[in-house]
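A.B. asks: Got a predicted structure plus its sequence, pasted below:
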Amino acid sequence: MSTTYSHLNEVASGQMNLSDADRIQAIRQGFWLPYTRAKEVIAKMEDLLNYPRITRMPNMLLVGPSFSGKTSILERFVEMHPPDTDPEGECTICPVLMIEAPSKPDISDFYSRILQALMAPYKPTASVAERYYQVKLLFSQLKVRLLIIDEIQHLIAGSLNRQREFRNAIKSLGNETKITIVAAGIEDAFNAFNMDPQMSSRFMPAILKRWHTDEAFGSVLATLERRTPLRYPSHLIEPGMMLKIHSLSEGMLGDFCDLIKTAAIDAIRNGSEKISLQQLDELEWSPPSKRKQYVHFS
């Protein structure tokens, strides 16, 4: 006799037929969470991707605290626009390209990362100018329309001169190739851009904030519960559960998603098959702010 799991969606309900080990793997793997703000940001990026090529292309600066979901949104957008073979079969079209900013404002490293993301061979001894020419050529050949630069706050890790040179390199790349650039980073990214009025005026900010215990938070918790393959309902949207989850995660998307993953795996292993307040109280979990207080001993 089959069991109906009315508290789960179709995918999670099907996963109940898996072994405990496989369910745990499915929970760890995670899934895309289409919450309202993420869909709004992706819609803005879609508009930028389809923007006609003009002299001054619009850009975006996506800013939010660590673990607020920035990279997940960017990776989701890249997945939505994978490279495609030209209809005539002559070349590959790569409309969206994503890289991580160098750990310091190094222009040579910046171009190298772009070439590596495009899987393009280049000479290690090539000059900055040669790499820049190759990047521009490939952007034209592969029809790159939008470049994503994650962790852009690394820009401020260098001297003021190096920062200025790196910002100028980004501006020149956008001007000469007519691509749209989406930069993303933590709050320090504002400092990296606001030092240059041209940069701050070119990049429209999109902000990801901490979550509050409101209807939107409850909606996301309900979605997480429906997609987490546990045998019994956890009632995550009950006020006490919402407050506890918010307190332990401090309103950070990545943290409350990981908290629920951790609690769900614990619920499978201890046989309770649901997340409870008592379990959250006993769970080995530290809020983000307290992790910074720990001292590690060798």
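C.D. replies: Sure, I can see it.
A.B. asks: from here on, contacts and neighbour counts on C-alpha atoms
C.D. replies: OK.
A.B. asks: ok, residue 175 touching residue 59?
C.D. replies: No. Checked against C-alpha atoms under 8 Å, the pair residue 175 and residue 59 is beyond contact range at 11.4 Å.
A.B. asks: Compare those two and say which is more crowded by neighbours.
C.D. replies: The neighbour comparison of residue 175 against residue 59 (other C-alpha atoms under 10 Å) goes to residue 59, with 24 against 15.
A.B. asks: Phi first, then psi, for the nearest residue to the more buried one once chain neighbours are set aside.
C.D. replies: Using C-alpha to C-alpha, 6 or more residues apart in numbering and skipping residues adjacent in sequence, the residue nearest residue 59 is residue 203, 4.6 Å away. Main-chain dihedrals, residue 203, degrees, to the nearest 10: phi -110, psi 110.
A.B. asks: Contacts only, for residue 203.
C.D. replies: Going by C-alpha atoms under 8 Å, 6 or more residues apart in numbering, residue 203 touches 58, 59, 60, 61.
A.B. asks: Can you give me the distance of the first one to residue 175?
C.D. replies: Going back to what we said before, that points to residue 58. Separation of residue 58 from residue 175 (C-alpha to C-alpha, to the nearest Å): 11 Å.
A.B. asks: mind listing the strands for the stretch 151-298 of the chain?
C.D. replies: Remark: strands assigned in the stretch 151-298 of the chain by DSSP state E, counting those that start in this stretch are 180-185, 203-207.
A.B. asks: Take the ones you listed and lay them out in JSON lines including mean pLDDT.
C.D. replies: Shown next, in JSON lines, are these (pLDDT from 0 to 100):
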{"stretch": "strand 180-185", "mean pLDDT": "96"}
{"stretch": "strand 203-207", "mean pLDDT": "94"}
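A.B. asks: Of these, which stretch is the most buried?
C.D. replies: strand 180-185 (a mean of 26; mean count of other C-alpha atoms under 10 Å).
A.B. asks: State the paired neighbours of that strand in the sheet, together with their directions.
C.D. replies: Here strand 180-185 is paired, per DSSP bridges, with strand 59-63 (parallel), strand 146-150 (parallel).
A.B. asks: Of all those, which one is nearest residue 187?
C.D. replies: strand 59-63 (6.0 Å; C-alpha to C-alpha).
A.B. asks: And the contacts of that closest one?
C.D. replies: Taking C-alpha under 8 Å, 6+ apart as the rule, strand 59-63 contacts 45, 48, 70, 180-187, 189-190, 202-208.
A.B. asks: go on, stretch 215-223?
C.D. replies: Outside stretch 215-223, the residues that touch it by C-alpha under 8 Å, 6+ apart are 33, 35, 211, 236, 237, 242.
A.B. asks: Return it as CSV; C-alpha atoms alone will do.
C.D. replies: Extracted in CSV, the C-alpha atoms of stretch 215-223 (Å, rounded to 0.1, in the frame of the first residue of the first chain):
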residue,chain,number,x,y,z
GLU,A,215,4.8,36.7,4.9
ALA,A,216,7.6,36.4,2.4
PHE,A,217,9.8,34.5,4.9
GLY,A,218,6.9,32.2,5.6
SER,A,219,6.3,31.6,2.0
VAL,A,220,9.9,30.5,1.5
LEU,A,221,9.9,28.2,4.5
ALA,A,222,6.7,26.6,3.1
THR,A,223,8.5,26.0,-0.2
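A.B. asks: what about it, distance to the chain center?
C.D. replies: Distance of stretch 215-223 from the chain centroid (C-alpha atoms, centre = their mean, to the nearest Å) equals 19 Å.
A.B. asks: Spell out, range by range, the helices that occur in the stretch 101-250 of the chain.
C.D. replies: Under the criterion DSSP state H, counting those that start in this stretch, the stretch 101-250 of the chain contains helices at 107-117, 128-141, 160-177, 188-194, 197-202, 215-227, 239-249.
A.B. asks: nearest to residue 24, of the strands paired with strand 180-185?
C.D. replies: Among the strands paired with strand 180-185, the nearest to residue 24 by C-alpha to C-alpha is strand 146-150 (29.9 Å).
A.B. asks: so that closest one versus helix 107-117, what angle?
C.D. replies: Here strand 146-150 points in a direction 120 degrees away from that of helix 107-117 (axes from the mean of the first three to the mean of the last three C-alpha atoms, to 10 degrees).
A.B. asks: and the angle from strand 146-150 to helix 160-177?
C.D. replies: 160 degrees.
A.B. asks: roughly how far is strand 146-150 from the heart of the chain?
C.D. replies: 12 Å.
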